[in-house]
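Asker: My questions concern the predicted model and sequence given below.
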Amino acid sequence: MNAFDMMAANGNVLGIGMQIPDVLIDLREVLEQYRGDAERAAGHQGVLRKWTDAAPETRSALLLTTAWTARAGRLDAGEDTAGLYAADLHEYARTFKGDAETFHGPRFPAMPLPAQAGALASSLGFDRDDTEISLKTVLLLLAAVRTLPDPTDASSNITAPQEQS
């Protein structure tokens, strides 16, 4: 455990902020390894351990921000618990009328996270007994992000989703 992980474990916002990209990189790499198959990626023991070891605030923040990022993507969620949570988070983000800062709250990643999406993300993030479910939920949302056009791809005629106002 590095210094930022120890800070995050104590609820320090700087530690949480530093832990978020570290965990996100691992999530994205494992999802890439499984070619976007969130179901299979969720069974990867290394990423499950990383997710379980992350501070609950980090898990909550990742669930919330991944829902926001995935809002214009195509979500392929099943009818299991993780799929239902992913669908709810995706719908909350997709139908949200404000901008990213309003969706995340002015003190993000500090708790409490705002609105229904924040409450659900926090509930999942702080549930240490069901980290497999919250891991699969975040992976399903990340898989939806993969369906979005690459904004750096000049050959694409599709534009990246714009912030909602």
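Answerer: Yep, that arrived.

Asker: can you list the weak-confidence ranges in the chain?
Answerer: Low-confidence segments of the chain (pLDDT under 70): 1-11, 151-165.

Asker: Show me the helices in this protein, by range?
Answerer: Secondary structure of the chain (DSSP state H): helices at 3-9, 13-33, 38-41, 45-53, 56-70, 81-95, 100-104, 115-126, 131-145.

Asker: could you dump those helices to a markdown table with mean neighbour count?
Answerer: Heads up, the C-betas are built off the backbone N, CA and C, glycines and all. Compiled in a markdown table, the helices of the chain are given as follows (neighbours: other Cβ atoms under 10 Å):
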| stretch | mean neighbour count |
| --- | --- |
| helix 3-9 | 17 |
| helix 13-33 | 18 |
| helix 38-41 | 20 |
| helix 45-53 | 15 |
| helix 56-70 | 25 |
| helix 81-95 | 20 |
| helix 100-104 | 16 |
| helix 115-126 | 20 |
| helix 131-145 | 25 |
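
Asker: how long is stretch 91-110 from one end to the other?
Answerer: Counting by Cα to Cα, to the nearest Å, you get 23 Å between the two ends of stretch 91-110.

Asker: what residues does that stretch touch?
Answerer: Outside stretch 91-110, the residues that touch it by Cβ atoms under 8 Å, 6 or more residues apart in numbering are 13, 16-17, 20, 57-58, 60-61, 64-65, 67-68, 70-72, 112-118, 120, 163-165.

Asker: what about 7 Å?
Answerer: Applying Cβ atoms under 7 Å, 6 or more residues apart in numbering, the contact partners of stretch 91-110 are 13, 16-17, 20, 57, 61, 64-65, 67-68, 70-71, 113-114, 116-118, 163-165.

Asker: Can you get me a residue count around residue 130?
Answerer: Number of residues near residue 130 (other Cβ atoms under 10 Å) recorded here: 15.

Asker: again, but for residue 71
Answerer: Residue 71 has 24 neighbours, counted by other Cβ under 10 Å.

Asker: how near is it to residue 90?
Answerer: Noted for residue 71: a distance of 7 Å to residue 90, by Cβ to Cβ, to the nearest Å.

Asker: cool, residue 130 as well?
Answerer: 19 Å.

Asker: and if you look at residue 113?
Answerer: Separation of residue 113 from residue 90 (Cβ to Cβ): 16 Å.

Asker: Right, I'll call it a day here.
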